[in-house]
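Novice: Make a model of this:
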Amino acid sequence: MQASGQPMPLDWVRFAPVVRDPSKIIAIRLNYLDHVRESKGKVPEISLVFAKLASSLIAHNDWITGDTRLTRKVDFEVELPIITGKTVYNCDGTQTMDSILGYTCANDGSARDPQFGDGERVRGKSLCTFCPLGPWIVTSDKISDSRSLGIRGWPNGRIMRDSNTSSTILKLPKLISFLSKNFTLSRVM
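Specialist: Numbering: from 1, shown residues only. Got it, this is the predicted structure:
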């Protein structure tokens, strides 16, 4: 493939979400030791799974907008989404890591008042615009060790989270296996 136009700065580009209309967005609550400590919680005995609705997806650099009729406590959590390249169900071993197409970045927007007020996690995590995703997918063949990937979030230029996948409680192979025993993990692309 050859370039057919003039290069332009990335800040001129309007991104689209790296994934459109996924069948599901599954998230794990309290899977990073530093986040457990920060929340003054206990390490969960089993993985705490919740979902975000696909309608919450927006592109990299789009704004999270909290409707003040629904929330007054908008928060963020930086996450490392896994993009599945193969449909898997009830998998183990090498099949788990072979199912990964790649990785991207996400801002897991949260409306803390419904989430903690009435315990409604899906509503608190899935308001429109609450899942900026991207800007790109790094394919799994470009990642030599997914057990040590840096994760940083800096809203408004201030680092609020600086973590690493080495601090995850349930590592990727076991996490994918656990999830695939409960749900079909669909091929996204």
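Novice: Next up, the contacts around Ile26.
Specialist: 49-51, 179, 183, 185 (Cβ atoms under 8 Å, 6 or more residues apart in numbering). Any C-beta I mention is one placed from the backbone N, CA and C, and that applies to glycine too.
Novice: Kindly report the same for Thr129.
Specialist: Thr129 neighbours (Cβ under 8 Å, 6+ apart): 56, 58, 62-65, 109.
Novice: What is the three-state secondary structure of it?
Specialist: For Thr129, the assignment made with DSSP: H, G, I helix; E, B strand; the rest coil gives coil.
Novice: Relative to Val13, how far out is it?
Specialist: Distance of Thr129 to Val13, given as Cβ to Cβ, to the nearest Å: 19 Å.
Novice: Now, the contacts of Thr129 that are in helices?
Specialist: Within the contacts of Thr129, no residue falls in helices by DSSP state H.
Novice: ok, the residue nearest to Asp62 when sequence neighbours are not counted - how many residues close by?
Specialist: Once flanking residues are discounted, Asp62 sits nearest to Pro132: 5.8 Å by Cβ to Cβ, 6 or more residues apart in numbering. Using other Cβ atoms under 10 Å, Pro132 is surrounded by 23 other residues.
Novice: any idea how far the host helix or strand of Pro132 is from the chain center?
Specialist: According to DSSP states H and E, Pro132 maps onto strand 131-133. Computed by Cα atoms, centre = their mean, to the nearest Å, the chain-centroid distance of strand 131-133 equals 8 Å.
Novice: re earlier: the contacts of Thr129: which two are farthest apart?
Specialist: Ser56 and Trp63 (13.2 Å; Cβ to Cβ).
Novice: quick one: which of the contacts of Thr129 is most hemmed in?
Specialist: Gly109 (25 neighbours).
Novice: got a list of what it touches?
Specialist: Contacts here follow Cβ under 8 Å, 6+ apart; on that basis Gly109 touches 56, 64, 66, 74-76, 125, 127, 129-132.
Novice: So which of those residues sits lowest on pLDDT?
Specialist: Of all the contacts of Gly109, Gly66 has the smallest pLDDT value, namely 81.
Novice: Tell me, how many residues neighbour the residue lying closest to it once chain neighbours are set aside?
Specialist: Ranked by Cβ to Cβ, 6+ apart and with sequence neighbours excluded, the top spatial neighbour of Gly66 is Val74, at 3.9 Å. When neighbours are counted by other Cβ under 10 Å, Val74 registers 19.
Novice: what's near enough to touch the residue lying closest to Lys52 once chain neighbours are set aside?
Specialist: Leaving aside its chain neighbours, Lys52 sits nearest to Ile25 (4.1 Å; criterion: Cβ to Cβ, 6+ apart). By Cβ under 8 Å, 6+ apart, the contact list for Ile25 reads 51-54, 56-57, 81, 131.
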